[in-house]
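J.: Pasting a predicted model and its sequence here:
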Amino acid sequence: LNYLLASHVWRQDHNGFTHQDPGFIDHVVNKKAEVVRVYFPPDANCLLSVMDHCLRSRHYVNVVIAGKHPAPQWLAMDAAVKHCTAGIGIWQWASNDQGVAPDVVMACCGDVPTLETLAAVSILREHLPALKIRVVNVVNLMKLQPTREHPHGLSDRDFDTLFTVDKPVVFAYHGYPWLIHRLTYRRTNHDNIHVRGYKEMGTTTTPFDMVMLNDLDRYHLVMDVIDRVPSLGSNAASLRQHMGDTRLRARQYTREFGEDAPEIKDWA
């Protein structure tokens, strides 16, 4: 069975609360590891690669979560195939930790969380250029589990290589945050993993207002990094305050005009 979930949590400009329950993902993950597969392609090329794989597979239940609204294209086709085949990986072009240990790992799983994470990374790299950031994108959710729990899972060594053993991890996830904790609770660095996701907040509203209501927006992710990287401390206090003020302005714009501000809607 190939199940394409295209009407998902984060785009509720007309559907409202009826389409805002990502609990189906949690339900599927409860099933046998030998059968279930859950994929979160972050863009159109990754969706093509994932669906090509799923349509060729046999004896699995493949769940693919991908929105149907226009969205940025992050990877060329060859890079998308490579990334989806691995199921998880560092996006070097978005990271600046090459050759050194990162100060923070920004992880993302899902098309909207990936967009907000990359926007947050853009802000951090502009305002805190000395901060070393590693961006990890997850396509195959089952990669987060240990190999002993799921055949697609990463070994502890590979997981530690990606997520480090002692650095803060800010994880933007499509669904309920506790699923990520459930999949990673045995990992070395689990205590440092902070997950943002859906927390039953929403209504018929604009795309960015939905992520703001659930604290998954780019400005909140920046504040999460500032709060969790010890070396920043009071040095980034002004940026943190600026992010809070910017969130308020974005919300006021949405309430006044019924759409997201241009700097958000047109961000690239």
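T.: The structure has been received and is ready for your questions. Numbering: from 1, shown residues only.

J.: Quick check: next helix or strand after the top helix by length along the chain?
T.: Ranked by number of residues, the top helix in the chain under DSSP state H is helix 237-257. Beyond helix 237-257 in the direction of the C-terminus, DSSP states H and E gives the next helix or strand as helix 262-265.

J.: on contacts alone, who are the packing partners of that next one?
T.: Applying 3 or more Cβ pairs under 8 Å, 6 or more residues apart in numbering; DSSP states H and E, we find helix 262-265 packed against no helix or strand. No exception for glycine: its C-beta is placed from N, CA and C like everyone else's.

J.: Put the alpha carbons of that helix into PDB.
T.: Taking C-alpha atoms only, helix 262-265 is exported to PDB below (Å, rounded to 0.1, in the frame of the first residue of the first chain):
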ATOM      1  CA  PRO A 262       5.900  39.800   1.700                       C
ATOM      2  CA  GLU A 263       9.300  39.200   3.400                       C
ATOM      3  CA  ILE A 264       7.900  35.800   4.500                       C
ATOM      4  CA  LYS A 265       5.700  34.900   1.500                       C
END
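
J.: What are the buried residues along that helix?
T.: Buried residues in helix 262-265, counted by 16 or more other Cβ atoms under 10 Å: residue 264.

J.: Distance from the chain centre to it, please.
T.: Its chain's C-alpha centre and that of helix 262-265 lie 20 Å apart, by Cα atoms, centre = their mean, to the nearest Å.

J.: Pull the residues that contact that helix.
T.: Residues from elsewhere that reach helix 262-265 (Cβ atoms under 8 Å, 6 or more residues apart in numbering): 208, 250, 259.

J.: What pairs with the helix or strand containing residue 108, parallel or antiparallel?
T.: Using DSSP H and E, residue 108 falls within strand 104-109. Neighbouring strands of strand 104-109 in its sheet, by DSSP bridges, are strand 133-138 (parallel), strand 169-173 (parallel).

J.: quick one, helices of the chain?
T.: According to DSSP H, the helices that the chain contains are 23-29, 44-56, 77-86, 111-127, 156-163, 177-184, 207-213, 218-228, 237-257, 262-265.

J.: List the residues that contact the residue nearest the centre of the chain.
T.: Residue closest to the mean C-alpha point of the chain, counted by Cα atoms, centre = their mean, is residue 108 at 2.4 Å. Residues near residue 108 by Cβ under 8 Å, 6+ apart: 42, 114, 116-118, 135-138, 171-173.

J.: Out of those, which end up buried?
T.: 42, 114, 116-118, 135-138, 171-173.

J.: pLDDT below threshold where in this structure?
T.: 13-16 (pLDDT under 70).

J.: go with 90
T.: 6-23, 67-71, 99, 200-207, 231, 233-235, 258, 268 (pLDDT under 90).

J.: now the farthest one out in it, which residue is it?
T.: Per Cα atoms, centre = their mean, the most distant residue from the centre of the chain is residue 256 (28.7 Å).
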